[in-house]
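J.: this is a predicted model, with the sequence first.
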Amino acid sequence: QSVLTQPPSVSAAPGQKVTISCSGSSSNIGNNYVSWYQQLPGTAPKLLIYDDNKRPSGIPDRFSGSKSGTSATLGITGLQTGDEADYYCGTWDSSLSAGVFGGGTKLTVL
Amino acid sequence: QVQLVQSGAEVKKPGASVKVSCKASGYTFTGYYIHWVRQAPGQGLEWMGWINPHSGGTNYAQKFQGRVTLTRDTSISTAYMDLSRLRSDDTAVYYCARAEYSTSSPDYWGQGTLVTVSS
């Protein structure tokens, strides 16, 4: 199973807000930066958030990231049908000396 | 613009090896690590390892130690992932991705290469 824990699915109506959680430990989230990725069906992951809460150029401010202790959260406001995708958190695990990801969360915009 | 272009889909028999290439453009190839991540059908992302294109240094996930080899050719800005002793559960899409540091999460990703292992 995945080192980082995410809920398998979340859903919300268009225009609403949703949050996706990512839980880990002191060897990963607790002491390393977290990134979030969006993966549309049949495509490669796309970086949404890096260094816990920074957005790459071109990512709208509807997407936000936060971290507290050994958990991180992705927030998406003003949901659009185009936001329907799988979302993954990722970070480095200092004990494993390896990259680790969450199992992914499928977002449904009802 | 930054691009990572991977080689095409492969079909291999169990026990064989596969080599996937990842050609970088739009940035200084030796200035960023290349990570390899795979995704089995309907499953999540799994990190396999990284290579430092400048030094050639590598770091592999324990799960793949002894079966995976990451190399690079700086003259053509291309990284390679070689996976040996293939099994049916190695069937997956394999991605290369660029990262600024060995411990940082990748920013740009290749389009993915489907490797199917079947007798």
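T.: Sure thing, it's come through. Note that the structure is a prediction, hence the values are computed from the model and not measured.
J.: as a quick check, tell me the outermost residue of chain A.
T.: A:S95 (21.6 Å; C-alpha atoms, centre = their mean).
J.: now do the contacts for the residue lying closest to that residue once chain neighbours are set aside.
T.: Counting by C-beta to C-beta, 6 or more residues apart in numbering or on different chains, A:S95 lies nearest to A:S27, which is 3.9 Å off, once chain neighbours are set aside. Every C-beta, even on glycine, is put in place using the N, C-alpha and C of the backbone. Going by C-beta atoms under 8 Å, 6 or more residues apart in numbering or on different chains, A:S27 touches A:93-96.
J.: secondary structure class for the residue positioned nearest the centre of chain B?
T.: Centroid-nearest residue in chain B, with C-alpha atoms, centre = their mean: B:W36, separated by 3.5 Å. Following DSSP: H, G, I helix; E, B strand; the rest coil, the label given to B:W36 is strand.
J.: look up how far chain A lies from it.
T.: 10 Å (C-beta to the nearest C-beta, to the nearest Å).
J.: please tell me how far the nearest residue to that residue once chain neighbours are set aside sits from B:N59.
T.: Spatial nearest neighbour of B:W36, excluding adjacent residues (C-beta to C-beta, 6+ apart): B:M48 at 4.3 Å. To B:N59, B:M48 is 10 Å away according to C-beta to C-beta, to the nearest Å.
J.: quick check on these two: which one has the bigger neighbour count.
T.: Between B:M48 and B:N59, counted using other C-beta atoms under 10 Å in any protein chain shown, B:M48 has the larger neighbour count: 23 against 16.
J.: that one looks like it's in a strand, true?
T.: Yes. Assessed by three-state DSSP, B:M48 belongs to a strand.
J.: the chain: strands as residue ranges?
T.: Defaulting to chain A. A:9-12, A:18-23, A:35-39, A:46-49, A:63-68, A:71-76, A:85-93, A:98-101, A:105-109 (DSSP state E).
J.: ah, I was thinking of chain B
T.: With DSSP E as the criterion, chain B has strands spanning B:3-6, B:10-12, B:18-25, B:33-39, B:45-51, B:58-60, B:68-73, B:78-83, B:92-99, B:113-117.
J.: give me the angle between the fourth one and strand B:18-25.
T.: Right, the one you point to is strand B:33-39. 130 degrees (axes from the mean of the first three to the mean of the last three C-alpha atoms, to 10 degrees).
J.: output the contacting helices and strands for strand B:33-39.
T.: Secondary-structure packing of strand B:33-39 (3 or more C-beta pairs under 8 Å, 6 or more residues apart in numbering or on different chains; DSSP states H and E): strand A:98-101, strand B:45-51, strand B:68-73, strand B:92-99.
J.: what does chain B put close to chain A?
T.: Within chain B, the positions near chain A by C-beta under 8 Å from any C-beta of the partner chain are B:35, B:37, B:44-47, B:50, B:59, B:61-62, B:95, B:97, B:103-112.
J.: now, of those, which are buried?
T.: B:35, B:37, B:44-47, B:50, B:59, B:61, B:95, B:97, B:103-110, B:112 (16 or more other C-beta atoms under 10 Å in any protein chain shown).
J.: just the buried members of the contacts of A:S27?
T.: A:D93.
J.: just send the contacts of A:S27 back as CSV, with distance to B:A24 and pLDDT too.
T.: CSV is the format used below for the contacts of A:S27 (distance: C-beta to C-beta, whole Å; pLDDT from 0 to 100):
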residue, distance to B:A24, pLDDT
A:D93, 26, 95
A:S94, 27, 95
A:S95, 30, 96
A:L96, 27, 95
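J.: any idea which of the contacts of A:S27 is closest to B:L86?
T.: B:L86 lies nearest to A:L96 out of the contacts of A:S27, by C-beta to C-beta, at 24.0 Å.
J.: noted, bye for now.
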